[in-house]
Structures are given as C-alpha cells and as structure tokens.
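> with the input below, show me the fold.
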Amino acid sequence: MKNNVLVIGGAGYIGSHVVLALLKSGYGVTVFDNFSTGRRENLFPEAGLMEGDIRRYGDLTAAMKGGFHALVHLAAFKAVGESMLDPGKYAENNISGTVNILNAAVASGVHNVVFSSSAAVYGEPHYLPVDEDHPVNPENFYGFTKLEIERLLFWYDKLKGLRYAALRYFNASGYDPEGRIKGLEQNPQNLLPIIMEAAAGIREKLMIFGNDYATEDGTGVRDYIHVSDLADAHVRALAHIAAKDESLLLNLGSETGTSVLVMLETARRITGRPIPAEFTARRAGDPAKLVGTSARAEKVLGWKARHSGVESLVATTWRMYERLGRSD
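Predicted coordinates:
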C-alpha cells in the first residue's frame with residue numbers, strides 16, 4: 001500500500017505521462033478512467049486499470065478498496081468555451097466529482113492527493129510573472145471550478161488531515177520525448193496541437209485571435225510547459241507531501257513567454273509544411289501576455305522545466321502526428 005497510487009484520469013493526455021513518470025520512479029500504479037477523453041492506447045501493462053466515473057461515488061469506493069496511499073486527480077473537463085456554455089456539466093463533473101473523490105479518499109484511508117489545477121484561477125494578470133500569491137479571479141467557469149476544488153482541498157486538509165499538492169499548470173504541450181505515449185489527445189483546445197492539425201491537413205488553417213496586442217509581434221504570449229516536465233513535478237510533489245506531511249500550492253510553468261507567431265514559425269520550420277494561418281479578432285478575456293514564475297516549485301521540490309523549449313515542444317508533438325499517420 002505504501003507506494004500504490006491511484007491515477008484518476010490516467011488514460012488522458014497529461015494523465016498518461018504522469019503514469020509513465022510514476023512507474024519509472026518505482027510506484028505501483030492503477031489507472032481509474034471512464035475513457036470519455038482518455039485513450040486505451042495510453043494504458044501501460046505495468047499499471048492496473050479500474051474503469052469508472054468520478055460522478056458515481058460507488059465506482060470510487062470500489063476502486064480504492066485496492067489499498068492506496070495516494071491518488072492523483074486529473075479527471076476534469078477543461079474546454080474553456082464549453083464551460084461558459086454548459087456550466088452545469090462542469091459543475092457536476094469537476095466540482096461534484098471531486099467531492100466524491102475526497103469523500104471516498106477519506107473513507108478509504110487515502111491520505112495524499114495531487115491535484116491538477118490551472119493558471120486559469122488567476123484570470124487577468126495584475127503583474128508578471130504571475131506567482132502563487134497573485135490574486136485569484138477566474139474569468140471563465142472552468143477556472144472557477146479549479147479554484148473551488150482548491151478550496152475544497154484546503155478544508156479537507158484542515159478538517160480531515162488530507163494532505164494535497166495543488167499544481168497550477170500553465171499551458172501543457174508536447175509529448176514524451178521517447179515516444180512511449182501512443183494516443184493523441186482527443187479534441188485538443190490548445191495552440192500547438194491546433195497548429196499540428198493545420199500542418200497535417202486535418203484542419204484547413206490556424207485562426208490567430210488578434211495581432212494588435214502590446215507584444216513584440218502583436219500576437220498573444222503564453223507560458224508553455226512540456227507535459228513530461230509536468231509529470232516529473234507530480235512525482236516530486238507526491239513524495240514531498242508524503243514525507244513532510246504538509247500541503248503545497250505551486251505554479252508549474254517554463255517561465256518563458258512564447259508568442260503565437262513564434263510557435264507557428266517554429267512549427268513551419270520543423271515540419272517543413274506551410275501551415276496556413278489567418279488573423280481574426282481578439283477573443284474576449286484573452287490577456288496580451290501570461291507568464292508565470294515557478295520559483296517556489298524549484299525551491300520546494302528541486303523541480304525545473306527541462307524539456308519546455310519551443311523546439312522540444314514542437315518536435316515531440318510533430319513526431320506523434322508523423323508516427324500515427326496524421327501528417328499526410
């Protein structure tokens with residue numbers, strides 16, 4: 001039980017990389033997933049599997065009977081636009097589903113939780129780089145659900161002794177550099193996979209929302225973090241909260257801003273494809289620049305982004321599309 005971890009959402013894009021990192025670090029791992037967005041190709045034979053849904057409390061209690069000392073929670077809906085159109089769906093899965101997870105964990109004697117949070121909790125930045133003390137004021141319902149989950153974790157720590165690490169991701173990108181993840185992310189919403197789909201002919205062109213921002217080239221600047229770096233942080237955070245018996249709230253980013261045009265031009269060069277693109281109006285609520293500092297994660301966990309340069313992000317993603325025959 002001491003080194004057994006339940007990874008909820010472990011067949012998904014980020015989840016599968018976390019499972020891989022945990023296995024590499026010697027943990028026993030069981031994946032819990034309903035495969036609404038997870039891929040069976042992303043399962044590893046060394047890891048167990050429990051199919052279930054976080055919206056069904058009984059599924060969770062049945063899974064946790066296996067005996068786990070910790071769980072990683074990555075089972076949230078995450079499409080920002082959809083969250084604004086269908087808040088009930090996001091409240092039921094992200095918030096109510098998390099209440100089920102926490103209650104099942106307490107009932108089953110699971111003491112440590114690593115939670116996939118988001119920089120979306122910050123909203124419009126008041127200053128850059130954004131640190132963990134920045135005011136939280138999410139501008140979309142997805143970000144609201146992540147912040148509510150963090151608040152739930154705080155109270156379960158205070159009242160039930162459940163230790164947690166809430167990891168506020170910036171923009172997850174890239175794929176395992178060694179090609180051990182087999183399935184592409186389903187219905188991607190982020191910039192890089194959309195660029196790859198335009199490169200591969202899956203979509204006609206890339207739409208760039210705004211080219212009149214107060215940035216070097218007029219396009220939005222974001223902090224992109226390689227998913228393998230994220231996975232490494234989960235392993236370190238889990239070890240820390242178990243050893244120190246204390247909870248954590250950490251940013252995870254590359255600390256480097258990359259504009260839409262820089263990402264696009266890098267992709268054109270690496271893929272050798274023209275990648276059609278068109279400028280259109282800004283989206284409401286999109287800040288010109290959003291970059292975080294991960295100094296606290298480096299200080300507390302000894303963690304630093306090591307694979308998150310723009311070349312690595314683009315190259316590892318394009319290799320996935322080439323290998324899966326999506327680049328014709």
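> send me the helix or strand containing Glu311 as PDB with only the CA atoms.
Assigned by DSSP states H and E, Glu311 belongs to helix 310-323. Provided in PDB are the C-alpha atoms of helix 310-323 (Å, rounded to 0.1, in the frame of the first residue of the first chain):
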ATOM      1  CA  VAL A 310       9.800  25.700 -28.000                       C
ATOM      2  CA  GLU A 311      11.800  23.400 -30.300                       C
ATOM      3  CA  SER A 312      11.200  20.500 -28.000                       C
ATOM      4  CA  LEU A 313       7.500  21.200 -27.700                       C
ATOM      5  CA  VAL A 314       7.000  21.300 -31.400                       C
ATOM      6  CA  ALA A 315       9.300  18.400 -32.300                       C
ATOM      7  CA  THR A 316       7.900  16.000 -29.800                       C
ATOM      8  CA  THR A 317       4.300  16.800 -30.900                       C
ATOM      9  CA  TRP A 318       5.100  16.600 -34.600                       C
ATOM     10  CA  ARG A 319       6.700  13.100 -34.100                       C
ATOM     11  CA  MET A 320       3.400  11.900 -32.700                       C
ATOM     12  CA  TYR A 321       1.500  13.100 -35.700                       C
ATOM     13  CA  GLU A 322       4.000  11.600 -38.100                       C
ATOM     14  CA  ARG A 323       4.100   8.200 -36.300                       C
END
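> please work out which residues outside it touch it.
173-177, 179, 181, 184, 192-193, 196, 199-200, 224, 226, 258, 262-263, 266-267, 270-271, 307, 326-327 (CB atoms under 8 Å, 6 or more residues apart in numbering). Bear in mind the C-beta positions are built from the backbone N, C-alpha and C, glycine included.
> just the residues you listed: which are in helices?
The members of the contacts of helix 310-323 that map onto helices under DSSP state H are 192-193, 196, 199-200, 262-263, 266-267, 270-271.
> how about those in JSON lines, adding pLDDT and distance to Ala119?
Listed next are the ones in helices among the contacts of helix 310-323 as JSON lines, based on pLDDT from 0 to 100; distance: CB to CB, whole Å:
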{"residue": "Leu192", "pLDDT": "97", "distance to Ala119": "16"}
{"residue": "Pro193", "pLDDT": "95", "distance to Ala119": "18"}
{"residue": "Met196", "pLDDT": "96", "distance to Ala119": "22"}
{"residue": "Ala199", "pLDDT": "95", "distance to Ala119": "26"}
{"residue": "Ala200", "pLDDT": "93", "distance to Ala119": "28"}
{"residue": "Val262", "pLDDT": "98", "distance to Ala119": "19"}
{"residue": "Met263", "pLDDT": "98", "distance to Ala119": "17"}
{"residue": "Thr266", "pLDDT": "98", "distance to Ala119": "22"}
{"residue": "Ala267", "pLDDT": "98", "distance to Ala119": "23"}
{"residue": "Ile270", "pLDDT": "98", "distance to Ala119": "26"}
{"residue": "Thr271", "pLDDT": "97", "distance to Ala119": "28"}
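> give me the neighbour count for the spatially closest residue to Asn4 that is not a sequence neighbour.
Nearest residue to Asn4, sequence neighbours excluded (CB to CB, 6 or more residues apart in numbering): Gly28, at 4.3 Å. Per other CB atoms under 10 Å, the neighbour tally for Gly28 reads 19.
> OK, contacts around Gly28?
Applying CB under 8 Å, 6+ apart, the residues contacting Gly28 are 3-5, 48.
> where does the stretch 201-328 of the chain have low pLDDT?
By pLDDT under 70, the weakly predicted segments of the stretch 201-328 of the chain are 325-328.
> so how far is stretch 157-177 from its chain's centroid?
The chain centroid and the centroid of stretch 157-177 are separated by 8 Å under CA atoms, centre = their mean, to the nearest Å.
> the protein: strands as residue ranges?
According to DSSP state E, the chain carries its strands in the segments 4-8, 28-33, 48-51, 70-73, 112-118, 163-169, 171-173, 206-209, 221-226, 248-252, 257-259, 277-280, 289-290.
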